[in-house]
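**Student:** Pasting the sequence and the predicted model now:
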Amino acid sequence: MDPQKIDELAKEKLSRLVGTDTFKTWLEPITVENVKEKKVTLSVPNSFFKEWVIENYQDKLKSVLEEIVGQDLSVEFIVRRETEGREKRRYLYQQEKSHTMFNPKYTFENFVVGASNQFANAAALAVATNPGKTYNPLFIYGGVGLGKTHLLNAIGNFVLKHGTVDPDKVCYITAEVFTNELINSLRYQKMDDFRNRFRKMNILLIDDIQFIAGKERTQEEFFHTFNALYEGMKQIVVTSDKFPRDLENIEERLKSRFEWGLIADIQPPDIETKVAILKKKAEEENIVLPLDVAFYIASHTDDSVRSLEGCLKRISLYASINKTEITLDLAKNIMGGFLRKKEQPLTVERIIREVAKYFSLKAQDIVSKKRARSVLVPRQIALYLARKYTDCSLVELGEKFGGKDHATVIHSINKIKEEINFNTELKNTVEKIEKMLKER
Ligand code: ADP
Ligand code: MG
């Protein structure tokens, strides 16, 4: 039997046996390399992965493979060296399947509604219930990891579950895949197929439209697809990271069409919604998550829901490896290690302070009128760095540096900028200060 076939069958079976996340993380990356005599060789991406899989999924894998091959097998794992060709094949394969399947976990039931996403959720639900009739197009925009893709899939899952639309008449596609497929269709002269495929849809869900910025041919094609569907009263849902007007390098006629229907935004969730999301995700994965830990995670992550999930996963993985419960201490411990503190933008004041500290001066010296070399050079460096790392205009810098005039500010900045190129001592100094600035 062909290893690739076995691979496909095994994945298909396994995906039904374990949760999607487990499958995606631990099973999907495994490849059946060959089957000889009674031995099957599986390749995995790295040795940590190998240990984890052997410990946790070996038995399951073995029995699934035995079922497929129809005989007892021994299983051997090797760590593979990923080749580019293989990556590409896998990628293409995923692409092919990408718009016939919806992520089963992205449903309306699993979407936690709070003030930040209430409107988008209601609009998506209205569209799913009455495609093509209520809001067309529906345009959902919001920052990364806030649930846009989730809502698109929820619409797809909803209409399939309720049988309102033929499964092959609803299509989810990212603007990126749309573009790639367009390019391939052009290359292989399959444009008619391409057009027909999208124009026969009853619901077209297109994710991350900002991707087509600057891609004229894609915009052109999408424009015609849009018109055909719109005229046929077919539902179009578009997501984007920005409000239509704020999309750069996208044709006017497309932007204005995006405004024809309903525009719904998704804002970052508040703490309570974040906690509710964490509780929900924990429940889905059978993780016991105490409320204080949920609050701790919620208040120590950035706005994205994806980061929340990432934290939860890491903490629960850690707890399960160490066979302990999830506690606040444990969470603090783990999060301390990987949490990036919210990066504070650099201020002119801080730059002045750090430069002064470096040269054992006082901040007042830097902004004073003193012209001694021991103060002059640090002042020039501070100006140079302030220009580089803040958005202050030259005038503002002049003010913040004790009322220096425009010419002085420019001269100082340029002096350092040029001298750095040949004066290695100066260069080292500046780099050291930059490092200090980035450390906190
Ligand atoms: P986007 O497409 O906006 O970047 P996603 O839809 O991919 O974000 O969401 C990132 C992750 O966060 C997904 O796993 C999604 O299920 C989850 N998520 C986002 N918002 C919610 C929510 N309100 N309730 C439950 N899960 C959510
Ligand atoms: Mg997305």
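**Tutor:** Received it, and whenever you're ready, just let me know what you need. Ligands and ions are numbered 1, 2, ... in the order given.

**Student:** only C-alpha atoms for contact and neighbour calcs from this point on.
**Tutor:** OK.

**Student:** how far away is residue 381 from ligand 1?
**Tutor:** In this structure, residue 381 lies at 40 Å from ligand 1, with CA to the nearest ligand atom, to the nearest Å as the measure.

**Student:** Excluding covalently adjacent residues, which one is nearest to that residue?
**Tutor:** residue 416 (6.5 Å; CA to CA, 6 or more residues apart in numbering).

**Student:** Tell me what the residue nearest to residue 131 when sequence neighbours are not counted is bridged to.
**Tutor:** The shortest distance from residue 131 to any residue that is not its chain neighbour, by CA to CA, 6+ apart, is 5.4 Å, and that residue is residue 235. Residue 235 has the following beta-bridge partners by DSSP bridges: residue 203.

**Student:** Count the residues that sit near residue 235.
**Tutor:** For residue 235, the neighbour count with other CA atoms under 10 Å is 25.

**Student:** can you check residue 215 too?
**Tutor:** Residue 215 has 13 neighbouring residues, counting by other CA under 10 Å.

**Student:** same deal with residue 249?
**Tutor:** Using other CA under 10 Å, residue 249 has 12 other residues around it.

**Student:** three-state assignment of it?
**Tutor:** Each residue gets one of three states, and residue 249 gets coil by DSSP: H, G, I helix; E, B strand; the rest coil.

**Student:** ok, now which ones touch it?
**Tutor:** 213-214 (CA atoms under 8 Å, 6 or more residues apart in numbering).

**Student:** so what pLDDT did it get?
**Tutor:** According to the model's per-residue confidence, residue 249 sits at a pLDDT of 94.

**Student:** okay but the residue nearest to residue 381 is in contact with residue 382, surely?
**Tutor:** No: under the contact definition of CA atoms under 8 Å, residue 416 does not touch residue 382, with a separation of 9.7 Å.

**Student:** Looking at those two, which has the bigger crowd around it?
**Tutor:** In this view residue 416 and residue 382 are compared by other CA under 10 Å, and residue 382 has more residues nearby, 29 against 21.

**Student:** Touching, the more buried one and residue 352? I think so.
**Tutor:** Yes: using CA under 8 Å, residue 382 is in contact with residue 352, at 5.8 Å.

**Student:** hey, what's in contact with both of these two?
**Tutor:** When CA under 8 Å, 6+ apart defines a contact, the residues bordering residue 382 and residue 352 alike are residue 366.

**Student:** still on that earlier bit, how much space between the residue nearest to residue 131 and residue 261?
**Tutor:** Separation of residue 235 from residue 261 (CA to CA, to the nearest Å) stands at 10 Å.

**Student:** Find residues that contact each of these two.
**Tutor:** By CA under 8 Å, 6+ apart, residue 235 and residue 261 have these common neighbours: 136-137.

**Student:** Mind listing what's buried along stretch 218-236?
**Tutor:** Of the residues in stretch 218-236, those scored as buried under the neighbour-count criterion (16 or more other CA atoms under 10 Å) are 218-219, 221-222, 225-230, 233-236.

**Student:** Same question for stretch 409-423.
**Tutor:** Along stretch 409-423, the positions that meet the burial threshold by neighbour count (16+ other CA under 10 Å) are 409-410, 412-413, 416, 420.

**Student:** first to last residue in stretch 398-417, what's the distance?
**Tutor:** With CA to CA applied, stretch 398-417 spans 17 Å between its terminal residues.

**Student:** In stretch 425-440, which residues are buried?
**Tutor:** Counting neighbours by 16+ other CA under 10 Å, stretch 425-440 gives 426, 429-430, 433-434, 437 as buried.

**Student:** where do the helices sit along the stretch 101-250 of the chain?
**Tutor:** When secondary structure is read from DSSP state H, counting those that start in this stretch, the stretch 101-250 of the chain shows helices at 118-129, 148-161, 175-187, 191-199, 216-231.

**Student:** ok, and which of these has the densest surroundings?
**Tutor:** Across those, averaging neighbours per residue (mean count of other CA atoms under 10 Å) puts helix 148-161 on top, at a mean of 22.
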